[in-house]
Structures are given as C-alpha cells and as structure tokens.
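Asks: no sequence on this one, just coordinates:
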C-alpha cells in the first residue's frame with residue numbers, strides 16, 4: 001500500500017493508490033505527485049516508493065496537511081520546502097458570514113441575490129453537463145491566461161460529471177439557466193473547491209461570491225471543518241478574491257522525496273521545484289503579467305491558425 005494513515009481501515013493496495021498519481025517531466029528527471037494530496041493525510045511506504053521507481057519516477061512530492069496532521073519524523077533525506085493553501089476554518093455559516101469582508105463581500109452576496117441569482121446543490125444530470133459545457137466554451141482566456149477546459153465536448157464533460165465520486169456540484173442559476181458552478185471534493189476533514197467558474201456575460205451578477213457562500217454553508221451542514229481553494233501567490237487578482245471571501249494563506253510543508261540518483265541530483269541542484277515556486281516574490285510578481293501575456297498571445301495565435309487552416 002502507498003500510505004499509512006491514522007485510521008488503519010483506510011489502507012489501500014498499491015494499484016489503487018497509483019490511480020491518482022501524475023508524472024511530470026522536469027529537465028532531466030521525472031516528478032511524481034498525487035492529485036488528491038490535499039484530501040488525505042499520508043506517509044509513503046516502501047512498497048509504494050518501489051512501485052514509483054518502477055514507473056521511472058525520480059522524485060515524489062507530498063504535502064504535510066499542517067492544519068490537521070503532522071508527519072511523524074520525516075527522514076533527513078526528504079527535502080522540505082514551504083508551500084501554502086488558501087484555507088477557511090469552517091465552524092458555522094453564521095461565523096463565516098460575520099467575519100468575511102465585514103461589508104464588501106457580504107454586499108456582493110446580497111447583490112447576487114437581488115439580481116436574481118440563486119444557488120443550490122445539483123445532482124449530476126444532462127442539464128448540468130450542458131451548462132458546464134457552455135461555461136467552458138465561452139472563452140479561451142480566463143484569469144488572463146489560457147483556459148485549459150476550452151474546447152471540451154459534451155461527451156468529455158459528461159464522463160467527468162457522471163464519474164465524479166465523493167463530491168458535490170453547486171450551481172448558480174439565473175432563472176433556469178446555469179451561469180456558474182463549483183465542485184467540492186471531499187476528503188479527510190476537508191472539502192476542496194476543485195473549480196469555481198461562471199459565465200463572463202453574467203459577471204455583473206457576481207455569481208462567484210454567491211457560490212463561495214453556498215460552499216461554506218454546505219461544508220458547515222456536512223461538518224467539514226476546513227475548506228480549501230487552491231493556493232495563494234501566483235494569481236494576484238484571484239488571490240485578492242480568495243482573501244476577500246475569508247480564505248487565509250496557511251503555510252504548509254512540502255516534501256520532495258528522492259527515489260533515484262537522478263532524483264537526488266535534482267534536489268541537490270535545486271531544480272526540484274517549479275520555477276514559480278522557487279522564485280522569490282520580489283522577482284516573481286513583476287513577471288506574472290509578462291508570463292500571462294505570452295500565454296494569452298500563444299493561445300490566440302494557435303486559435304487563429306486553427307480557424308484559417
């Protein structure tokens with residue numbers, strides 16, 4: 001099995017654990033990362049590390065979910081770096097409402113309601129699939145960068161929606177039309193906001209603020225004490241939105257575990273991190289607009305060439 005957990009009944013066989021592992025080529029080495037690392041407390045075991053080596057992985061990275069778990073004596077060969085998550089400690093919806101933004105964000109939630117936006121939990125259905133497809137394909141650019149879901153077909157989205165497990169979809173509706181949605185993924189003591197998207201044509205109705213409010217309400221009702229919305233530090237405008245809606249930057253430890261000699265060399269050369277994580281903020285933040293511009297320009301050029309060919 002891949003992990004030891006605080007509850008022995010959660011032990012998994014290696015083959016099941018590998019299903020959530022993604023491999024990324026970095027320079028001369030391969031990095032392995034668990035797509036569900038925010039959802040469970042984990043301690044890699046020898047059997048699992050051996051399997052990763054067999055898959056030609058050189059480095060495994062994991063986070064320590066410091067809001068609810070501490071790794072027991074990590075080996076000195078593991079390289080520790082600082083990371084963070086955007087986190088809300090959920091006690092009750094009323095507590096969040098009283099704390100968030102005092103005026104600004106509460107006003108945004110009320111504005112959405114006054115403009116006719118309603119939010120509710122949505123079971124997987126064809127209406128949800130078609131609504132998400134419309135949102136995905138409204139624009140190829142979001143948050144000033146290429147939007148990776150642009151161009152997805154109904155069938156691709158249908159497989160994702162109907163294949164979702166341990167999750168909840170929340171929809172924002174204007175009349176009977178889906179104009180925004182968020183997916184909550186559930187793990188041990190945490191819910192993760194996997195996506196928070198809405199139609200840009202309804203931007204003035206601020207559906208995203210209403211969706212965050214509903215997500216907090218759902219977490220409180222289902223007794224999930226923590227809500228995560230990615231990280232803070234690489235998207236200035238999105239970071240401001242997160243913080244204004246009550247998410248705080250919570251520091252966590254990220255470990256890089258060498259699996260091979262190439263992995264050990266990568267860590268010694270300090271190329272194990274992504275560039276955006278390795279750069280100090282004084283250098284990174286001024287570069288973000290340039291990186292976004294390059295990404296937008298590349299996306300628009302490729303779309304233009306696709307249309308004329």
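Replies: Right, received. Where do you want to start? Model, not experiment: these values are computed from the prediction. Residues are numbered from 1 along each chain as shown.
Asks: Nearest the middle, which residue of the chain would you pick?
Replies: residue 230 (4.2 Å; C-alpha atoms, centre = their mean).
Asks: Excluding chain neighbours, what is closest to that residue?
Replies: Closest residue in space to residue 230, ignoring its immediate chain neighbours: residue 86 at 5.7 Å, by C-beta to C-beta, 6 or more residues apart in numbering. No exception for glycine: its C-beta is placed from N, CA and C like everyone else's.
Asks: Pretty sure that neighbour sits in a strand.
Replies: Yes - if the criterion is DSSP: H, G, I helix; E, B strand; the rest coil, then residue 86 is within a strand.
Asks: sorry, back to before: quick check, pLDDT for the residue nearest to the centre of the chain.
Replies: At residue 230, the pLDDT value in this model is 94.
Asks: Next: residue 203.
Replies: Residue 203 is given a pLDDT of 92.
Asks: Next: residue 9.
Replies: For residue 9, the model assigns a pLDDT of 33.
Asks: Residue 26 now?
Replies: For residue 26, pLDDT reads 92.
Asks: That one contacts residue 273, doesn't it?
Replies: No - Residue 26 is beyond contact range of residue 273, at 9.1 Å (criterion: C-beta atoms under 8 Å).
Asks: Among the two, which residue is more densely surrounded?
Replies: More neighbours surround residue 273 than the other of residue 26 and residue 273, with 19 against 14 (other C-beta atoms under 10 Å).
Asks: Identify the residues contacting that one.
Replies: 81, 256 (C-beta atoms under 8 Å, 6 or more residues apart in numbering).
Asks: Residue 171 too?
Replies: Per C-beta under 8 Å, 6+ apart, neighbours of residue 171: 119, 120, 121, 122, 128, 131, 178, 180, 181.
Asks: Can you name the helix or strand that the fifth one falls in?
Replies: This means residue 128. helix 126-136 (DSSP states H and E).
Asks: Check which element follows that helix along the chain.
Replies: strand 141-142.
Asks: Quick one: list the elements packing against the helix or strand where residue 215 lies.
Replies: In the assignment (DSSP H and E), residue 215 maps to helix 207-221. Applying 3 or more C-beta pairs under 8 Å, 6 or more residues apart in numbering; DSSP states H and E, we find helix 207-221 packed against helix 93-99, helix 104-114, strand 117-122, strand 167-174, strand 177-187, strand 190-198, strand 226-228.
Asks: So the residue nearest to the centre of the chain, which state does it fall into?
Replies: coil.
Asks: So it sits against residue 84, correct?
Replies: No - contact criterion C-beta under 8 Å: residue 230 and residue 84 do not qualify, at 9.7 Å.
Asks: picking up where we left off before, so the helix holding residue 128 versus strand 177-187, what angle?
Replies: 100 degrees (axes from the mean of the first three to the mean of the last three C-alpha atoms, to 10 degrees).
Asks: Counting neighbours, which bits of helix 126-136 end up buried?
Replies: 128, 129, 131, 132, 133, 135, 136 (16 or more other C-beta atoms under 10 Å).
Asks: Can you tell me which of the helices and strands packed on helix 207-221 is nearest to residue 79?
Replies: Between residue 79 and the helices and strands packed on helix 207-221, the tightest spacing by C-beta to C-beta is seen for strand 226-228, at 23.5 Å.
Asks: who does residue 255 bridge with?
Replies: For residue 255, the beta-bridge partners are residue 62, residue 80 (DSSP bridges).
Asks: can you count the residues close to the residue nearest to residue 132 when sequence neighbours are not counted?
Replies: In this structure, residue 132 finds its nearest non-sequential neighbour in residue 157, 5.4 Å apart by C-beta to C-beta, 6+ apart. Residue 157 has 20 neighbours, counted by other C-beta under 10 Å.
Asks: what's the answer for the one 10 residues further on, then?
Replies: Residue 167 has 14 neighbours, counted by other C-beta under 10 Å.
Asks: now swap in residue 168 and tell me
Replies: 18.
Asks: Repeat that for residue 80.
Replies: 13.
Asks: residue contacts, it?
Replies: 74, 253, 254, 255.
Asks: Quickly name whichever of those residues is closest to residue 203.
Replies: Once C-beta to C-beta is applied, the member of these that ends up nearest residue 203 is residue 254, at 34.1 Å.
Asks: okay but that closest one is in contact with residue 79, surely?
Replies: No - checked against C-beta under 8 Å, the pair residue 254 and residue 79 is beyond contact range at 9.0 Å.
Asks: With neighbour numbers in mind, choose between those two.
Replies: Of the pair residue 254 and residue 79, residue 79 is the one with more neighbours under other C-beta under 10 Å, namely 21 against 18.
Asks: any idea how far residue 266 is from that one?
Replies: 10 Å (C-beta to C-beta, to the nearest Å).
Asks: what do the two both touch?
Replies: The contact sets of residue 79 and residue 266 overlap at 258, 272 (C-beta under 8 Å, 6+ apart).
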